[in-house]
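Trainee: This is a predicted model, with the sequence first.
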Amino acid sequence: MKGTLINTATVTAGAAVGYTVGRFLPPSYQQVAIEGVGLVVSLIGVKMFFASKNAVISVAAIALGGMIGAGLGIAPALANFADWMKTTLGGGGHFTDAIITTTVLYCVGPMTLLGCLQDGIEGKTELLIVKSTLDGITAIFFTATMGPGVFVTALILLLLQGSLTLLARRLQRLAKDENLIAEASAVGGALMLAIGLGVLGIKKIHAETYLPALILAPAFAALAEAVQKRRKGS
């Protein structure tokens, strides 16, 4: 859990700095900063997507995952939670958008999964420390431009990454299979691109709706591996 605690601390610290600085930044400066972050997030998403070794798996996972997410009502549920937190904590402005955007951004990347697995299985925190640094820096800009909703994201991150760390031993096969990681990373990249497009104001895509694809992608990859092995054995 050490890596997750560090990650939570850096996001909280970054949010605190951003909240303090943001009150003194003119709106035009805030816009420039958030667009810069959106651009970088988009490019990272594109790079991650190209990690896929079978684009058909990624496409199928995203399409089916999106339908499942829509059926489960993930987007409105997360929005309602964010609105409830906004009302409870008295947030304003882009409070809800800040929670949704940073939650997806900080929780879908490959470093989240691999870092938690390494922390839980081997006690290594190096990967999560790198992630913590990146998350803390972006938290400054997101909080400065979108408001204190990022503080709520820190709590969500603690719960999610903590759970993954505790379940690490049951998920260790995933960490050892490059194909499964590649497809999960590709889907995560697509979701990050969706976040980037929204931040840039190009297209509002509810990336959270596609979260089930993060489970489907490695599942489909494992199924494809099993079918391929069976064909070779026959």
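Mentor: That came in fine, so what should we check first?

Trainee: Give me the phi and psi for Arg23.
Mentor: phi -70, psi -20 (degrees, to the nearest 10).

Trainee: Near it, how many other residues are there?
Mentor: 8 (other CB atoms under 10 Å). C-beta coordinates here come from the backbone N, C-alpha and C atoms, glycine included.

Trainee: quick one: it from Ala222, how far?
Mentor: Distance, Arg23 to Ala222, using CB to CB, to the nearest Å: 49 Å.

Trainee: Same check on Ser132?
Mentor: 30 Å.

Trainee: Of these two, which one has the most company?
Mentor: Ser132 (26 against 16).

Trainee: From what I see, the more buried one and Asn7 are in contact.
Mentor: Yes: Ser132 lies in contact with Asn7 (CB atoms under 8 Å); the separation is 4.2 Å.

Trainee: Secondary structure class of Glu203, three-state.
Mentor: Slight slip there: residue 203 is Lys, not Glu. coil (DSSP: H, G, I helix; E, B strand; the rest coil).

Trainee: where does it land on pLDDT?
Mentor: Looking at Lys203, its pLDDT is 85.

Trainee: and if you look at Leu89?
Mentor: Among the per-residue scores, Leu89 holds a pLDDT of 69.

Trainee: Now the element after the one helix or strand in the chain whose mean pLDDT sits lowest, going C-ward?
Mentor: Least confident helix or strand of the chain, by mean pLDDT, DSSP states H and E, is helix 172-176 with a mean of 64. Of the helices and strands lying after helix 172-176 in sequence (DSSP states H and E), the nearest is helix 178-199.

Trainee: who's in contact with the next helix or strand after that following helix?
Mentor: Downstream of helix 178-199, the next assigned helix or strand under DSSP H and E is helix 213-233. The contact list for helix 213-233 (CB atoms under 8 Å, 6 or more residues apart in numbering) reads 54, 57-58, 60-62, 64-66, 68-69, 108, 174, 177, 179-184, 186-188, 190-191.
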